[in-house]
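1. I'll drop the sequence and a predicted model, then ask my questions.
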Amino acid sequence: REYDWMTCKVDEIFFTSPFKLTVNRKDTVHSLAVFFDCEFSACATKTVLSTGPEAPMTHWMQLTCHLDEPVEVEEGEELQGTFTAKAYNGRDLEFDIDMEFEGKLGSTKLFREYYYYWGLSSQLTYHEDDE
């Protein structure tokens, strides 16, 4: 997602977006990790803030979304779902992950809300949707 901070409106920066992760080897998936890169390109010196696993640590960190049970996956299978980011209580953020996976070796579902409370560096307890 890309934003022009000079013209975008507040309600445009929160979104729901589909994701697709293609498995590159037979393995076991225990959790998903969410991170972002933010490029400030309208500055005199372009600056990139990254929360990726290879980047220096920031106060944003990564979001870890643990599966209830690990799931076995085969090369070429796809984990698909939606990721939502929205404001929560003013300055805080809420992230929703919805995913269902049905593979040759296993299946899993992930429907969770995660919260980032500004100033705290760890995720708080999630809430499972009633099914």
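-> All right, it came through fine. Not measured: the values here are computed from a predicted model.
2. And the spatially most central residue of the chain, how far from Glu78?
-> Nearest residue to the geometric centre of the chain (CA atoms, centre = their mean): Val34, 3.3 Å. Distance, Val34 to Glu78, using CB to CB, to the nearest Å: 17 Å. For the C-beta atoms, the positions are set from N, CA and C on the backbone; glycine is no exception.
3. give me phi/psi at the residue nearest to the centre of the chain?
-> Per-residue torsions, Val34: phi -120, psi 130 (degrees, to the nearest 10).
4. which residue sits closest to it in space, ignoring its chain neighbours?
-> Distances taken as CB to CB, 6 or more residues apart in numbering put Leu63 closest to Val34, at 4.1 Å, once the chain neighbours are dropped.
5. Run a quick neighbour tally on the one you found.
-> Other residues within reach of Leu63, judged by other CB atoms under 10 Å, total 20.
6. next one: Leu79
-> For Leu79, the neighbour count with other CB under 10 Å is 19.
7. Report the beta-bridge partners for it.
-> Going by DSSP bridges, Leu79 is paired in beta bridges with Leu21.
8. In contact with it, which residues?
-> Going by CB atoms under 8 Å, 6 or more residues apart in numbering, Leu79 touches 20-21, 23, 29, 32, 73, 99, 101.
9. Find the helix or strand that Thr64 is a member of.
-> Element membership of Thr64, judged by DSSP states H and E, is strand 63-73.
10. re the thing from before, Asp11 versus the residue nearest to the centre of the chain, what's the distance?
-> Going from Val34 to Asp11 by CB to CB gives 21 Å.
11. cool, Lys20 as well?
-> Plainly put, Lys20 is 26 Å away from Asp11 if you go by CB to CB.
12. try Phe35
-> Taken as CB to CB, the span from Phe35 to Asp11 is 24 Å.
13. Repeat that for Thr47.
-> Look at Thr47 and Asp11: by CB to CB, they are 26 Å apart.
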